[in-house]
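Colleague: Structural data only, the sequence is not supplied:
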């Protein structure tokens with residue numbers, strides 16, 4: 001294996017691994033591979049160039065680039081004398097993680113809190129209804145305690161997300177490990 005093949009193998013291994021892990025954030029492996037291609041590219045790329053490199057359709061490539069732009073992982077750049085749109089990766093992974101994590105987790109937390117609050121209202125109605133049997137009231141009380149405990153967790157998770165969005169998290173977990 002020659003040196004260029006080794007270089008390409010090292011890049012491909014990392015891109016494939018990263019593309020698979022981006023699934024955690026709701027990003028398909030093909031979009032992850034596109035990000036990896038742009039990450040290792042020393043120059044901004046056109047949609048046609050990306051399409052040729054990855055063997056995807058131009059429509060699919062355009063959709064993928066748009067998704068990466070929305071996630072603040074790719075930006076459009078301008079170069080004098082070039083008419084086609086050029087794109088390059090945004091390589092601040094701390095910022096990318098913060099944005100991705102915050103958006104995805106905030107949506108999930110919000111959905112769960114809304115469900116919890118509706119369930120708590122229903123349980124309170126059951127508990128206040130004189131026609132509810134003692135057995136159901138006991139179970140409703142137990143369920144209510146569990147849901148209140150879950151709300152405490154979601155409050156903590158919201159505060160964690162707040163610390164990521166405000167960058168306060170980096171005071172506790174610095175971007176670079178200190179030399180102790």
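Modeller: Great, that's in hand. Quantities reported herein were computed from a predicted structural model and do not represent experimental measurements.
Colleague: Burial check on residue 67, number of neighbours?
Modeller: 17 (other CB atoms under 10 Å). Quick note: C-beta positions are derived from backbone N, CA and C, even for glycine.
Colleague: Can I take it that it is in a helix?
Modeller: Yes - under DSSP: H, G, I helix; E, B strand; the rest coil, residue 67 falls within a helix.
Colleague: Need the single longest helix in the chain, by residues.
Modeller: helix 93-128 (DSSP state H).
Colleague: Can you spell out which helices and strands pack onto that one?
Modeller: Counting contacts by 3 or more CB pairs under 8 Å, 6 or more residues apart in numbering; DSSP states H and E, helix 93-128 packs against helix 134-165.
Colleague: Flag every buried residue along the helix it packs on.
Modeller: Going by neighbour count (16 or more other CB atoms under 10 Å), the buried part of helix 134-165 is 140, 144, 150, 157, 161, 163, 164.
Colleague: Among the residues you listed, pick out the one closest to residue 31, please.
Modeller: Of all the buried residues of helix 134-165, residue 31 sits closest to residue 164, with 22.3 Å by CB to CB.
Colleague: can you tell me how far the closest one sits from residue 104?
Modeller: 11 Å (CB to CB, to the nearest Å).
Colleague: hmm, back to that, could you dump the buried residues of helix 134-165 into CSV with distance to residue 22 added?
Modeller: Putting those into CSV (distance: CB to CB, whole Å) gives the following:
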residue, distance to residue 22
140, 42
144, 39
150, 29
157, 22
161, 19
163, 23
164, 18
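Colleague: Residue 12: which of the residues you listed is nearest?
Modeller: Lowest distance from residue 12 to those (CB to CB) belongs to residue 164, with 30.8 Å.
Colleague: Which pLDDT value goes with the closest residue to the closest one other than its chain neighbours?
Modeller: Spatial nearest neighbour of residue 164, chain neighbours left out: residue 98 (5.0 Å); criterion: CB to CB, 6 or more residues apart in numbering. pLDDT for residue 98: 89.
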